[in-house]
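Chemist: Below are the sequence and a predicted model for it; my questions follow.
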Amino acid sequence: DKVHGFPEDFDLSFAVLTSRKEETKRFENAWFKRSIIDKFINDKVYNEDRDLFICSDGLMLNARELRNKYGCEDNFHLLKGLYNDSLSSFPSELRGDFDGVIYDKNLNAWTLYTNHIGSKWVFYYFDKEAKCFIFGTELKMVVAGMRALGIEPELSEEGAYFLLTFGYMLGDYTLVKGVKKLSPGSTVTLKNWELQSEEYYRLRNTPYIEDSEDKIIKTLDELFRDAIKAEYDKDLEYGYRHVATLSGGLDSRMNVCYARKLGYKDILNITFSQSNYLDEQIAKKIASDWGYDFLFYSLDNGNYLRDVNKPVTANDGLILFSGSAHGLSINDLINWKSLGLLHHGQLGEILGDYKECELNEGMSMKYLGAGKLSSRTINIADAISNSYSDCTSFVLYNRGINGMMNGAISVSHFTDFATAFGFADFTSYAIRIKPEICTCRKLYIKWIQTSCPEAAEYPWEKTGLPISAGRFRIFLGKGMRYARRKILGPSPMDSMNPFSYWYNTNVSLRETFEDYYRKHIDLLSKHPELQKDVEKMFNEGTPLEKTQPLTLLAAIKLHGLEK
């Protein structure tokens with residue numbers, strides 16, 4: 001009944017966005033507005049017939065294949081057919097980074113859905129007594145919707161402590177009480193004012209794969225090829241140029257190496273780091289040798305960190321702003337009109353550290369990146385971990401998807417994105433590989449040497465040596481780097497983003513952090529214990545740790561949660 005309180009000009013825009021496509025619909029007891037980037041538009045459904053209204057965002061990478069399989073003329077009829085076959089598990093056959101909503105007019109039911117790994121966010125608020133259901137792809141929009149209906153949003157202290165302890169949310173938590181994030185591989189349906197959640201996809205590490213290492217590598221090769229082909233063919237379908245991140249790490253180079261093996265040309269490689277650090281040197285060499293254009297964005301001095309509000313607005317303050325601010329800065333400078341998907345290598349840790357925690361599940365908090373700010377937060381995290389079947393999936397879903405996908409969430413304001421490591425078929429297989437053969441990335445390195453030997457010739461940023469270097473040389477190299485840092489102190493060559501060095505040498509950056517903190521710490525005056533912990537963390541934390549309380553303060557300001 002309160003739906004008519006929504007203003008017609010309800011604003012869904014974000015400052016960094018360029019070209020937008022906006023449409024508004026009214027139903028008998030509902031109000032709906034779509035505001036999306038005007039790219040890959042044929043993949044994004046916004047249509048209805050007498051039975052269904054469907055709105056989707058993101059990309060269905062195998063849509064053409066499924067349309068041919070089921071004889072569908074367009075994506076609307078494809079989604080309709082999949083939905084009619086299975087009301088709750090219809091997204092299971094789709095591949096890619098997508099989300100959406102379906103309104104079933106016959107059942108008077110609304111169904112929200114997201115993709116297999118939940119890389120596309122959907123938030124929702126439900127009050128059965130008030131008969132109120134608000135959903136959106138950005139937390140800030142759900143919060144605005146709540147206010148439009150006379151509901152004052154409140155800060156979730158659990159969400160706040162997750163941000164301060166881990167740097168991101170766990171599970172389906174957000175910073176707003178009562179607002180949840182739709183879980184990966186799930187649907188939520190509202191029917192007769194009852195809310196029902198269904199899981200159509202779940203990552204589990206068992207049963208373990210019993211094949212030989214050679215057979216496993218062959219299967220990884222096949223599945224990765226399929227994922228890369230699906231990603232890069234989508235660019236060609238729309239006539240866009242390929243864009244891929246490239247660093248000194250292994251994951252992004254595997255993406256680019258496989259694209260090269262499959263014959264994709266005219267790839268623009270993007271790198272950002274401290275000037276002359278290994279990430280720039282290695283990525284530049286790879287791009288030059290493989291004949292790709294190279295775009296480098298210098299992070300020198302850390303000046304990109306001086307705008308706290310913009311990256312917090314881009315990711316709703318649900319992940320520490322320092323984790324995506326560099327990507328947001330360079331993306332904001334690029335003209336994306338002729339460029340396609342941002343191809344990246346996130347979630348490659350499924351063959352690395354995320355597997356190793358299975359060998360010592362007591363270390364799961366370490367793999368999440370837990371600080372020691374709040375034992376209460378750790379207790380809640382332990383409780384959440386009980387809903388996962390194994391340590392690897394717990395860490396992958398939380399640190400990997402809720403945390404490390406920060407850059408993808410930020411770039412979604414400019415273009416769509418994809419990572420082959422998150423392709424459902426590849427991920428489902430990789431997570432079931434025995435952890436014993438994944439320790440120290442043994443299997444990963446063997447996969448590279450077998451399937452992409454040209455990528456193995458270049459140094460690995462983590463060690464400064466080619467991956468073919470022996471264990472002793474790698475151990476010695478890492479030890480020498482660690483000793484130099486301890487003896488000489490912070491250096492611009494410590495990492496791609498040497499926060500401590502920047503903070504110590506850039507007066508303007510230090511003053512920006514301290515000034516923002518002073519001006520906004522009183523936003524927590526209604527939460528004295530939380531305010532005390534924020535003060536302690538900012539005053540005693542490392543420069544990187546300081547970005548966590550700053551993110552929280554900026555998020556409280558963004559969502560108006562200070563009351």
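Modeler: Yep, it's here.

Chemist: By mean pLDDT, which helix or strand of the chain comes out lowest?
Modeler: helix 471-488 (a mean of 68; mean pLDDT, DSSP states H and E).

Chemist: could you point out which element follows it?
Modeler: The first helix or strand that comes after helix 471-488 along the chain, using DSSP states H and E, is helix 499-505.

Chemist: Now do the very next helix or strand once past that following helix: everything it contacts.
Modeler: Following helix 499-505 in sequence order, the next helix or strand is helix 507-520 (DSSP H and E). Residues outside helix 507-520 that contact it (C-beta atoms under 8 Å, 6 or more residues apart in numbering): 301-303, 305-306, 308, 502-504, 538, 543, 546, 549-550, 553-554, 556-557. (C-beta placed from N, C-alpha, C; glycine too.)

Chemist: residue contacts, Phe123?
Modeler: Applying C-beta under 8 Å, 6+ apart, we find Phe123 in contact with Phe135, Gly136, Thr137, Glu138, Leu139, Met141, Val142, Thr174, Val179, Lys180, Lys181, Leu182.

Chemist: Now the phi/psi pair for the residue nearest the centre of the chain, please.
Modeler: Compute the mean C-alpha point of the chain, and by C-alpha atoms, centre = their mean the closest residue is Met405, 2.0 Å away. When quoted as degrees, to the nearest 10, the phi and psi of Met405 stand at phi -80, psi 10.

Chemist: What is the longest helix along the chain packed up against?
Modeler: Ranked by residue count under DSSP state H, the longest helix found in the chain is helix 213-238. If contacts are counted by 3 or more C-beta pairs under 8 Å, 6 or more residues apart in numbering; DSSP states H and E, helix 213-238 sits against strand 241-245, helix 251-261, strand 339-344, helix 424-430, helix 442-451.

Chemist: Now do it and strand 339-344, the angle between them.
Modeler: Angle, helix 213-238 to strand 339-344, by axes from the mean of the first three to the mean of the last three C-alpha atoms, to 10 degrees: 160 degrees.

Chemist: buried sites along helix 213-238?
Modeler: 216-217, 219-221, 223-232, 234-235, 237 (16 or more other C-beta atoms under 10 Å).

Chemist: can you list the weak-confidence ranges in the stretch 351-500 of the chain?
Modeler: For the stretch 351-500 of the chain, applying pLDDT under 70 flags the ranges 361-363, 370-375, 470-475, 477-478, 480-486, 488-489.

Chemist: before we move on, back to that, show the buried residues in the contacts of helix 507-520.
Modeler: With burial judged by 16+ other C-beta under 10 Å, the buried subset of the contacts of helix 507-520 is 301-302, 305, 308, 502-503, 538, 543, 546, 549-550, 553-554, 556-557.

Chemist: taking those residues one by one, which sit in helices?
Modeler: Going by DSSP H, the helices hold Trp502, Tyr503, Phe538, Pro543, Lys546, Pro549, Leu550, Leu553, Ala554, Ile556, Lys557 from the buried ones among the contacts of helix 507-520.

Chemist: Let me know the average pLDDT across the longest helix of the chain.
Modeler: The average pLDDT for helix 213-238 rounds to 98.

Chemist: Could you tell me how far that helix lies from the centre of the chain?
Modeler: Once both centres are worked out by C-alpha atoms, centre = their mean, to the nearest Å, helix 213-238 turns out to sit 20 Å from its chain's centre.

Chemist: what angle sits between that helix and strand 241-245?
Modeler: Calculated by the same axes, to 10 degrees, helix 213-238 forms an angle of 140 degrees with strand 241-245.

Chemist: Report the beta-bridge partners for Tyr168.
Modeler: Ile319 (DSSP bridges).

Chemist: Let me see the contact set for it.
Modeler: Counted by C-beta under 8 Å, 6+ apart, Tyr168 has contacts Phe162, Leu318, Ile319, Leu320, Asn398, Arg399, Asn402, Gly403, Asn406.

Chemist: please redo it, this time with the cut-off set to 10 Å
Modeler: Residues counted as contacts of Tyr168 (C-beta atoms under 10 Å, 6 or more residues apart in numbering) are 162, 315, 318-320, 323, 368-369, 398-399, 401-406, 548, 551.

Chemist: May I have the secondary structure class of the closest residue to Ile41 other than its chain neighbours?
Modeler: Of all residues not flanking Ile41 in the chain, Lys21 sits nearest, at 6.9 Å (C-beta to C-beta, 6 or more residues apart in numbering). For Lys21, the assignment made with DSSP: H, G, I helix; E, B strand; the rest coil gives strand.

Chemist: Neighbours of Lys21, how many?
Modeler: Neighbour count for Lys21, taken as other C-beta atoms under 10 Å: 13.

Chemist: State the pLDDT value of it.
Modeler: Per-residue pLDDT puts Lys21 at 81.
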